[in-house]
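Visitor: Pasting the sequence and the predicted coordinates here, then a few questions.
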Amino acid sequence: MTAYDPGRLVPMTTHVPAYAAPAAHAPLERTTVPRRAVGEHDVLIEIKYAGICHSDIHQARDGWGEGIFPMVPGHEIAGVVAETGSGVTKFRVGDRVGVGCFVDSCRTCEHCLRGMEQYCERGATGTYNDHGKDGEPTYGGYSTHVVVDENYTLRIPEGIALDEAAPLLCAGITLYSPLVHWNAGPGKKVAIVGLGGLGHMGVKIAHALGAEVTVLSQSLKKQEDGLRLGADHFHATADPATFETLAGTFDLVVSTVSAPLDLSAYLSLVKTDGALVNVGAPEEPVSLNLFSLINGRRTLAGSMIGSIAETQEMLDFCAAHGLGAEIEVIPADRINEAYERVLASDVRYRFVIDTSTI
Ligand SMILES: [Zn+2]
Ligand SMILES: [Zn+2]
């Protein structure tokens, strides 16, 4: 891929291979998408691996509405820098890099200035299914190359393999941010609800932070895995005795479940001054008896991914502790099959696309 047409002096957009959903609910298929010319502060990334996040499926099937099609999903990107713009100072050709859920933000609002770009007041620019400041649609990681501003590009330390690093860019930071914000660590009891793509990273990270970790899963089917990943305890939520045994136990409960949850039941597991934090989002509104909060001065909260600085901190933390995601690497022609398996919870614990097969 060349950024400049030798016959002209202006930077050229180029087209790169990708897998896209041509319309809502349509299967993904191989195509090409435009990538902008490498600007002064851009890096061209040769994508090596792209994780399949549950929200890719939501968006490709237009579960949240207003999808931009054709859509190239993928916001768990790991690759290598192939070219740098003239003003790039943070990266060199050959560096191992990652891109997460957003590729730009307004850079001037209170949240951006405080380094909390994920909560940008004007909305951070999504890695896909969004429009950049140039007005062009953004296309995600199910592709061979992407051009990203160096300020929204992460460094992947040598300690993590690129395929195992890819899911950290969404699943990893989605759990790391609330665990650190709500002080998971030594002496703290933390419960992770749901042992899927998000939950398995929650168990690994909470354990590495030094917390006592409990998995709350529908059944005991994944108990062996949960304990291997670092959980100290494992309970089935289908068993009503679980909620009696564990009443008032946890400093922090993080729910990764996107199905509607009985919030009162889960809040009853939280200690006085503890918190139930949701990172999974049911599509329907939920109701709650507020006595569940009043009794025990409990907090019900949500959390969305993390900032650029925090994502870098998470990658460095994971490398220092030897943490990567548990993955199943697939060729691109199995993406549609993988989507069905994710919906059936038949993945341990993240599909990662080998983008050399696109
Ligand atoms: Zn995601
Ligand atoms: Zn902003």
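Guide: Perfect, I can see it now. Ligands and ions are numbered 1, 2, ... in the order given.

Visitor: contacting residues around the residue in the stretch 201-350 of the chain that ligand 2 sits nearest to?
Guide: Across the stretch 201-350 of the chain, no residue is closer to ligand 2 than S307, which sits at 11.1 Å (CB to the ion). C-beta coordinates here come from the backbone N, C-alpha and C atoms, glycine included. Shown in contact with S307 (CB atoms under 8 Å, 6 or more residues apart in numbering): G115, M116, E117, Q118.

Visitor: Next, give me the two most distant ones among those.
Guide: The distance between the two most remote of the contacts of S307 (CB to CB) is 9.9 Å, for G115 and Q118.

Visitor: These two: which is more packed in?
Guide: Q118 (22 against 11; other CB atoms under 10 Å).

Visitor: any idea what sits nearest that one, other than its immediate chain neighbours?
Guide: Distances taken as CB to CB, 6 or more residues apart in numbering put I305 closest to Q118, at 4.9 Å, once the chain neighbours are dropped.

Visitor: I'd say the one you found and C101 touch.
Guide: Yes - between I305 and C101 a contact is recorded at 5.1 Å, counting by CB atoms under 8 Å.

Visitor: what do the two both touch?
Guide: Q118, C170.

Visitor: near ligand 1 at all, stretch 171-182?
Guide: No - counting by CB under 5 Å from the ion, no contacts exist between stretch 171-182 and ligand 1, the nearest distance being 6.6 Å.

Visitor: okay, that stretch in CSV with CA atoms only?
Guide: The C-alpha coordinates for stretch 171-182 follow below in CSV (Å, rounded to 0.1, in the frame of the first residue of the first chain):
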residue,chain,number,x,y,z
ALA,A,171,-12.3,-6.6,26.9
GLY,A,172,-9.2,-5.9,29.0
ILE,A,173,-9.7,-2.2,29.5
THR,A,174,-13.4,-2.6,30.1
LEU,A,175,-12.6,-4.6,33.2
TYR,A,176,-9.3,-3.0,34.2
SER,A,177,-10.8,0.5,34.4
PRO,A,178,-13.6,-0.2,37.0
LEU,A,179,-11.4,-2.7,38.9
VAL,A,180,-8.8,0.0,39.5
HIS,A,181,-11.3,2.9,39.9
TRP,A,182,-13.2,0.9,42.7
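
Visitor: who touches that stretch?
Guide: Counting by CB under 8 Å, 6+ apart, 51, 53, 76, 100, 190, 192, 197-199, 201-202, 205-206, 209, 211, 251-252, 254, 256, 275, 277, 279, 301, 303-306, 310-311, 313-315, 317-318, 325, 350 sit against stretch 171-182.

Visitor: check which helix or strand covers the residue in the stretch 251-358 of the chain that ligand 1 sits nearest to.
Guide: Using CB to the ion, the closest approach of the stretch 251-358 of the chain to ligand 1 is made by I305 at 7.7 Å. Counting by DSSP states H and E, no helix or strand carries I305.

Visitor: coming back round to it: show only the entries of the contacts of stretch 171-182 found in strands.
Guide: Secondary structure from DSSP state E places G51, V190, I192, D251, L252, V254, A275, V277, A301, R350 of these in strands.

Visitor: what sits against the residue in the stretch 101-250 of the chain that ligand 1 sits nearest to?
Guide: Closest approach of the stretch 101-250 of the chain to ligand 1 (CB to the ion) occurs at C170, with a separation of 3.2 Å. Counting by CB under 8 Å, 6+ apart, C170 makes contact with G51, C53, S55, H75, E76, G100, C101, I305.
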